[in-house]
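Undergrad: Below: sequence and its predicted model.
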Amino acid sequence: MFGIGREEREKEWAAFEAEALPLMPDVFRVAKWLTRDVSEAEDLTQETFAQALKSFHRYTPDTNCRAWLVTILYHLNSKRRYKLGQLKLVEDVEEQIAQTVAFEPPIPQHLTDEEILQALERIPKQFREVVILTDVEEFSYKEVAELLQTPIGTVMSRLHRGRRLLRQQLTEYAHKFGIAAEG
Amino acid sequence: MRCQEFKELFDSYLGDELLIETNHEVLRHLENCAACRGELAARRELRTRVRVAVKNAPVVQINPAFAMRLQANLRETALRPTFLEKIKSNNLFGNPAMLGAAMCVLLIMLGGFFWLRNSSVPKDVVQSNQPDNIALPVKSPAETNLMQAVHIAWQEMTRHAVGDHENCALEFKLPEEPITLSEAAEKYGKYNKNLDKAVIAPLREVFSDKDFGKIEFLESHSCVFDGRRFAHVVLQYRTRRISVLVTDTDLPVENENRVLAQTSEIMRVASFRTAHHAVFVVSDLSETENVTIAKAISPAVSRHIEKIEKIEKTGA
């Protein structure tokens, strides 16, 4: 009568184990990109799954569990940032950058994964975040807009600029180390 | 459309975000434009390479030991027996010695809680101008017993409020179908009528200008949990349910309209009293958030109920 019985709890755990737990590496990966620190990313992953377990009865089975978990993660992360007094970047950074990225350089060949990661690290956080959420994690524009609580148009322009910046970084890197560009 | 305009669509094309018609336009253009085909291939390649690089990067791989530990902790939390199950499994009620010991512990805990409740004021919860070191008035044993009985009854009512929230707002498992507040106003007290409006109006006022997120109204009705009837207003804050529950009571009132916070293992409960009613706000929000909601609705809901109590008193 007060709370749910053991059988029901076991059933709910089995569903959670099947749907949510396999996504732990994905959730950690997003957490790591967000926090840039292993122990913070582990804390955030742990909080996300604890919260998800608590609220699992509200999740509709066989819908997008990954998007649901990442939404919880973003919500918890913004709470943490608020507590730590971390503020968002000023928006006009986007405009400044947009003006400096007027061309799309060809993509250099023969770059290693490590070099691509370094280039990704060098682009501003708000663009990198959108590139990772759409190109790596394969969320739709709508899902990214909901996660970041930003209009869909902003997601699209950040993605466009983020990809351009990335190409620029990769080209600079290639020039620096004499890697041939094709294009 | 010129090549430059098509290039602007390439990001959305790759993300499969274009309308079917626009997609066809892009495809038609690509058939005849080698430069754009090259550009699109380059963008696709960049996208793939970034995905592969990030997903394979050792720095973003979860530590298997951490993953296993977290999974074990979650499993333990998910399958942990409830307090009542623990009691049942220990056959507490069938063993007089164990039952006696449990009762003693319970009485000591209740006594302690009751003493604390009277001697200290929860910070951020109760508006009080009492000095910090207040001397406790000496009470006779009869008074103490009465207070303990009141406290036990209050705890029982709180348990009912939490039970109603869990079995009605979170997942409907009540044996009796709820009735509308208008119907309840006719049968069980006029305060039921428009109670939902008294709850929602102050929330809109308090939270609309703040970045507190959206509080949505889900439904209102009158329902019964374990023999106790509640006027029940169900709200939602983001994905979390909040219950505002009002029930009749003739337990003595210590401080009318004073918001008290109680925390059960899972749920947060904030409550306040009028002369003949108790109001509970139950949710799994943080204690601060739950109390903020209770404080926000307390003046309007108390006014709404007290108006009816006054009419009923003079009418009688």
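TA: Yes, it's here.

Undergrad: Those residues of the stretch 101-250 of chain B touching chain A, which are they?
TA: Counting by CB under 8 Å from any CB of the partner chain, the residues of the stretch 101-250 of chain B close to chain A are B:159, B:162-163, B:166-167, B:170-171, B:226, B:238-240. Yep, even glycine has a C-beta here, placed from its N, CA and C like the rest.

Undergrad: rerun that using 7 Å as the cut-off
TA: Contact residues (CB under 7 Å from any CB of the partner chain) of the stretch 101-250 of chain B with chain A: B:163, B:166, B:170-171, B:226, B:239.

Undergrad: Write the PyMOL selection for whichever of these are buried.
TA: Buried members of these, defined by 16 or more other CB atoms under 10 Å in any protein chain shown, are picked up in PyMOL with:
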select buried, chain B and resi 163+166+170
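
Undergrad: Take the residues of the stretch 101-250 of chain B next to chain A and lay them out in JSON lines including secondary structure, distance to residue B:304 and pLDDT.
TA: Shown next, in JSON lines, are those (DSSP: H, G, I helix; E, B strand; the rest coil; distance: CB to CB, whole Å; pLDDT from 0 to 100):
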{"residue": "B:163", "secondary structure": "helix", "distance to residue B:304": "25", "pLDDT": "91"}
{"residue": "B:166", "secondary structure": "helix", "distance to residue B:304": "26", "pLDDT": "90"}
{"residue": "B:170", "secondary structure": "helix", "distance to residue B:304": "26", "pLDDT": "90"}
{"residue": "B:171", "secondary structure": "coil", "distance to residue B:304": "29", "pLDDT": "87"}
{"residue": "B:226", "secondary structure": "coil", "distance to residue B:304": "26", "pLDDT": "89"}
{"residue": "B:239", "secondary structure": "coil", "distance to residue B:304": "28", "pLDDT": "78"}
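
Undergrad: Greatest separation within the residues of the stretch 101-250 of chain B next to chain A: which pair is it?
TA: Greatest spatial distance among these (CB to CB): B:226 and B:239, at 26.9 Å.

Undergrad: got the contact list for the residue in the stretch 201-316 of chain B positioned nearest to chain A?
TA: For the stretch 201-316 of chain B, the residue closest to chain A is residue B:239, as judged by CB to the nearest CB, at 5.5 Å. Counting by CB atoms under 7 Å, 6 or more residues apart in numbering or on different chains, residue B:239 touches A:55, A:58.

Undergrad: Quick check: phi and psi on it?
TA: As for residue B:239, its main-chain torsions (degrees, to the nearest 10) stand at phi -100, psi 10.

Undergrad: any idea how far it is from residue B:186?
TA: 35 Å (CB to CB, to the nearest Å).

Undergrad: same deal with residue B:154?
TA: Counting by CB to CB - residue B:154 and residue B:186 are separated by 28 Å.

Undergrad: and these two? which has more neighbours close in?
TA: With neighbours defined as other CB atoms under 10 Å in any protein chain shown, residue B:154 and residue B:186 compare such that residue B:154 has more, 21 against 12.

Undergrad: residues in contact with residue A:13?
TA: By CB under 7 Å, 6+ apart, the neighbours of residue A:13 are B:75, B:78-79.

Undergrad: Report back the residue of chain B that's furthest from centre.
TA: residue B:32 (59.0 Å; CA atoms, centre = their mean).

Undergrad: Quickly find the element holding the closest residue in space to residue A:162 that isn't next to it in sequence.
TA: Using CB to CB, 6 or more residues apart in numbering or on different chains and skipping residues adjacent in sequence, the residue nearest residue A:162 is residue A:127, 3.3 Å away. Assigned by DSSP states H and E, residue A:127 falls within helix A:125-131.

Undergrad: hey, where'd the strands end up in chain B?
TA: B:215-225, B:228-237, B:240-248, B:260-263, B:268-273, B:277-283 (DSSP state E).

Undergrad: Would you mind giving those as a markdown table with mean pLDDT added?
TA: Shown next, in a markdown table, are the strands of chain B (pLDDT from 0 to 100):
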| stretch | mean pLDDT |
| --- | --- |
| strand B:215-225 | 90 |
| strand B:228-237 | 92 |
| strand B:240-248 | 93 |
| strand B:260-263 | 66 |
| strand B:268-273 | 87 |
| strand B:277-283 | 92 |
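
Undergrad: Tell me which of those is the most buried.
TA: Across those, the average number of neighbours (mean count of other CB atoms under 10 Å in any protein chain shown) peaks for strand B:277-283, which reaches a mean of 25.

Undergrad: residue boundaries of the helices in the stretch 51-200 of chain B?
TA: B:64-79, B:83-89, B:96-119, B:141-164, B:181-188, B:195-207 (DSSP state H, counting those that start in this stretch).

Undergrad: is the first one anywhere near chain A?
TA: In this case it means helix B:64-79. Yes: interface with chain A: helix B:64-79 contributes B:66-67, B:70-71, B:74-75, B:77-79 (CB under 7 Å from any CB).

Undergrad: Show me which positions of that helix end up buried.
TA: Under 16+ other CB under 10 Å, the buried positions of helix B:64-79 are B:66-67, B:70, B:74, B:78.

Undergrad: tell me the two of the residues you listed that are most distant?
TA: Within these, B:66 and B:78 form the most distant pair, 18.3 Å apart (CB to CB).

Undergrad: which stretches of the stretch 1-150 of chain B have low pLDDT?
TA: Along the stretch 1-150 of chain B, segments meeting pLDDT under 70 span B:1, B:82-99, B:101-102, B:105, B:113-148.

Undergrad: If you could redo that for chain A, that was the one I meant.
TA: A:1-4, A:82-109, A:174-183.

Undergrad: Next, the contact list for residue A:23, please.
TA: With contact set as CB under 7 Å, 6+ apart, residue A:23 has these partners: A:65-66, A:69.

Undergrad: and the residues you listed, which of them are in strands?
TA: Reading strands off the contacts of residue A:23, I find no matches (DSSP E).

Undergrad: Quick one, which of those are buried?
TA: A:65-66, A:69.

Undergrad: for those residues, which one is nearest residue A:113?
TA: residue A:66 (22.8 Å).

Undergrad: quick one: the closest one from residue A:38, how far?
TA: Counting by CB to CB, the gap from residue A:66 to residue A:38 is 21 Å.

Undergrad: Identify the residues contacting residue B:79.
TA: A:9-10, A:13.

Undergrad: In a markdown table: those residues, plus secondary structure.
TA: Shown next, in a markdown table, are those (DSSP: H, G, I helix; E, B strand; the rest coil):
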| residue | secondary structure |
| --- | --- |
| A:9 | helix |
| A:10 | helix |
| A:13 | helix |
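
Undergrad: Quick check: which helices or strands does the longest helix seen in chain A pack against?
TA: Taking DSSP state H as the assignment, the helix of chain A that covers the most residues is helix A:152-176. Contacts defined by 3 or more CB pairs under 7 Å, 6 or more residues apart in numbering or on different chains; DSSP states H and E place helix A:152-176 against helix A:92-100, helix A:113-122, helix A:125-131, helix A:141-148, helix B:3-14, helix B:34-56.

Undergrad: Out of those, the one nearest residue A:34 is which?
TA: Set against residue A:34 and scored by CB to CB, these come closest in helix A:125-131, at 7.6 Å.
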